[in-house]
Structure formats: C-alpha cells, structure tokens
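**Q** here are the coordinates; sequence isn't available:
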C-alpha cells in the first residue's frame with residue numbers, strides 16, 4: 001500500500017508542471033456593442049432632446065451586424081424590437097423577429113427573409129387585439145406597350161415604364177414580354193388572370209402573390225416568340241437610376257438599386273415583395289438589336305392590404 005501511494009505522489013509531482021504549462025483555450029472576443037440613437041422618424045441623431053429610440057448591436061469589421069439586434073424606447077429603455085438584421089440603412093430584418101408597444105404589449109411577431117414578411121407574421125394593437133388584414137389585387141399599370149427602335153436607328157432605343165404604386169401595396173406581380181419585330185403578337189388580359197385569385201383575399205401576402213403570378217403566367221400568350229430578343233431590362237424604385245439608364249444608352253451602374261435585371265429574356269412573370277413606403281417603380285427596357293425594332297408589353301398588378 002505504501003509503495004502504491006508513493007508512486008501516485010511521484011506521478012503528481014512529475015505531471016503537475018506539465019499540466020500547468022498547457023496553454024489555456026483562447027477566449028472568444030466579440031466586438032463591443034454599439035449604441036446608436038434615433039429620433040421618432042427613425043433617423044439617426046446625436047441630439048439628446050430628439051432621441052426616441054436606441055439600438056444596441058454588434059458589428060463586424062465590415063460593419064455588418066452580428067447576432068441579435070435590440071431596439072429600445074428612450075429614455076425608458078423598454079424593449080421595442082428584437083431580432084437579426086441582414087442589413088441596415090435601410091433595415092432588412094431576417095429570421096424570427098418580435099416587437100413591442102411602449103406599454104409592453106406585443107406589437108408583432110413573425111419571420112422575415114431579407115426584409116420581407118413571411119406567412120407566419122402576426123400583429124396586435126396596443127390593447128392586445130389582433131390586427132386583421134384584407135388583401136386585394138388591383139392594376140398598378142394596365143396592359144401597356146411601346147415600340148423600342150433598334151440600337152442603330154435614329155430614334156431612341158430605350159423605354160422607361162413608370163408605375164405608380166397604390167398606398168398599402170405590399171408586393172406586385174409583373175408580366176413583361178419583349179419580342180423582336182416580326183414575332184407573333186402577344187395576347188393576355190390582366191383582369192381575367194386576377195379573377196382567378198379574387199377569392200384568395202384572406203391569404204398571406206407571399207402566398208397570394210405566388211398564386212397571382214401563377215395565374216398570370218398561364219393566361220394568354222398562346223404564340224410565344226420563336227427567337228429570343230436581344231434586349232435587356234431593369235426594374236428599380238430609384239428615379240436617378242432610371243435617369244442614368246436613359247442618359248447612358250441603357251446602363252445602370254449603381255449596385256443594389258434594382259429589384260430585377262435580365263438580358264435576352266423574351267417573357268417573364270414574377271412576384272416581387274416591396275419594402276414599405278415604395279411609391280413608384282421604373283421598368284427600363286433597352287433594345288440591343290442592331291437593326292431590328294422590338295416591342296415591350298408590360299402589366300403590373302399590386303397586392304394592396306388594408307388592416308384594422
């Protein structure tokens with residue numbers, strides 16, 4: 001027994017210095033959390049008298065948010081919003097997010113994908129009553145067409161369709177057809193296509209937009225073009241980008257100002273969820289054919305929500 005005890009003590013005396021010299025795991029260091037202040041219009045401010053909200057968030061070296069972002073009412077420091085951000089200025093929440101009224105009642109809860117509300121989104125008044133929304137599809141731009149002259153012609157080879165967005169719009173469905181001179185004529189009716197989704201007014205916005213896009217895709221255009229057009233086009237809410245398109249022979253150089261860009265695409269029907277406050281869209285089409293005119297035909301239908 002005594003020998004075994006002595007061997008055990010000897011092992012500890014020899015092994016302890018080796019163990020003590022092992023490097024400890026490096027601590028994970030997070031960048032410090034920033035606090036940013038906003039006024040009642042959610043504009044950044046450093047004037048204390050104007051502060052209505054405060055945001056606490058961590059950012060990486062590139063300025064992108066890390067982890068959970070938390071907004072607070074100021075000066076009470078009651079929680080106003082919590083979630084993650086795909087981007088800021090403008091904010092694009094992502095994942096499950098939650099907001100609260102100043103009295104502590106839940107304001108909304110739901111999932112976002114790159115700033116767009118998903119089907120599980122629910123909201124409540126400050127007295128706890130759930131807010132109910134009804135949806136209606138309506139024309140933002142009835143069927144419109146334009147002849148776009150060839151790039152080697154004396155006339156302009158570009159067209160910008162201006163689309164005024166109704167109040168309460170949460171998304172659109174557009175159908176754009178661009179075909180070269182001599183191709184079969186187009187044929188569709190927005191009203192007939194939207195009649196197919198008239199009974200879906202209570203559906204969540206993403207689902208209703210998808211249903212409308214499917215209906216419009218199937219409706220009309222019995223004679224598709226036999227060749228792909230040599231044209232390119234953009235959809236943007238930025239007026240200065242549309243002006244650049246007209247001034248530079250069909251170029252938009254600024255990043256992240258277009259909802260959609262395509263080249264040599266004769267037909268497309270697609271839903272787009274719009275950020276809150278979007279009031280106008282510009283659909284910019286350029287004819288890249290050297291000697292052949294083209295015709296662009298466009299319809300835009302808005303999904304308008306009324307909530308109470």
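**A** Yep, it's here. Source: prediction; values computed, not measured.

**Q** phi, psi for the residue nearest to residue 286 when sequence neighbours are not counted please.
**A** The spatially closest residue to residue 286, leaving aside those adjacent along the chain, is residue 250, at 3.1 Å (Cβ to Cβ, 6 or more residues apart in numbering). Where C-beta positions appear, they are placed from N, C-alpha and C, glycine not excepted. Dihedral angles phi and psi of residue 250 (degrees, to the nearest 10) take the values phi 90, psi 30.

**Q** for the nearest residue to residue 45 once chain neighbours are set aside, which residues are in contact?
**A** The spatial neighbour of residue 45 that comes closest, neighbours along the chain excluded (Cβ to Cβ, 6+ apart), is residue 39 at 4.7 Å. Contact analysis of residue 39 by Cβ atoms under 8 Å, 6 or more residues apart in numbering lists 45, 50, 51, 52, 53.

**Q** now those residues as JSON lines including neighbour count, distance to residue 256 and secondary structure?
**A** Supplementary listing: those in JSON lines, determined by neighbours: other Cβ atoms under 10 Å; distance: Cβ to Cβ, whole Å; DSSP: H, G, I helix; E, B strand; the rest coil:
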{"residue": "45", "neighbour count": "17", "distance to residue 256": "25", "secondary structure": "coil"}
{"residue": "50", "neighbour count": "14", "distance to residue 256": "29", "secondary structure": "helix"}
{"residue": "51", "neighbour count": "15", "distance to residue 256": "29", "secondary structure": "coil"}
{"residue": "52", "neighbour count": "16", "distance to residue 256": "28", "secondary structure": "coil"}
{"residue": "53", "neighbour count": "18", "distance to residue 256": "25", "secondary structure": "strand"}
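
**Q** give me the element residue 216 is part of.
**A** helix 205-218 (DSSP states H and E).

**Q** ok, residues contacting that helix?
**A** Helix 205-218 has contacts (Cβ under 8 Å, 6+ apart) with 116-119, 135, 137, 170-173, 175, 188, 190, 193-194, 196-197, 200-201, 203, 269-273, 299, 301, 303, 305.

**Q** what's the first helix or strand after it?
**A** strand 231-236.

**Q** quick check: buried residues in whatever helix or strand comes next after that following strand?
**A** Later in the chain than strand 231-236, the nearest helix or strand by DSSP H and E is helix 239-247. By neighbour count on 16 or more other Cβ atoms under 10 Å, the buried set for helix 239-247 is 241, 242, 244, 245, 246.

**Q** what about residue 57, distance to residue 91?
**A** For residue 57, the distance to residue 91 equals 11 Å [Cβ to Cβ, to the nearest Å].

**Q** the residue lying closest to residue 103 once chain neighbours are set aside: what's it in contact with?
**A** Distances taken as Cβ to Cβ, 6+ apart put residue 126 closest to residue 103, at 5.7 Å, once the chain neighbours are dropped. Listed by Cβ under 8 Å, 6+ apart, the contact set of residue 126 reads 101, 102, 103, 105, 107.

**Q** let's see 6 Å
**A** Going by Cβ atoms under 6 Å, 6 or more residues apart in numbering, residue 126 touches 101, 103, 105.

**Q** same deal with residue 84?
**A** Contacts of residue 84 by Cβ under 6 Å, 6+ apart are 94, 95.

**Q** need the pLDDT of it.
**A** pLDDT for residue 84: 96.
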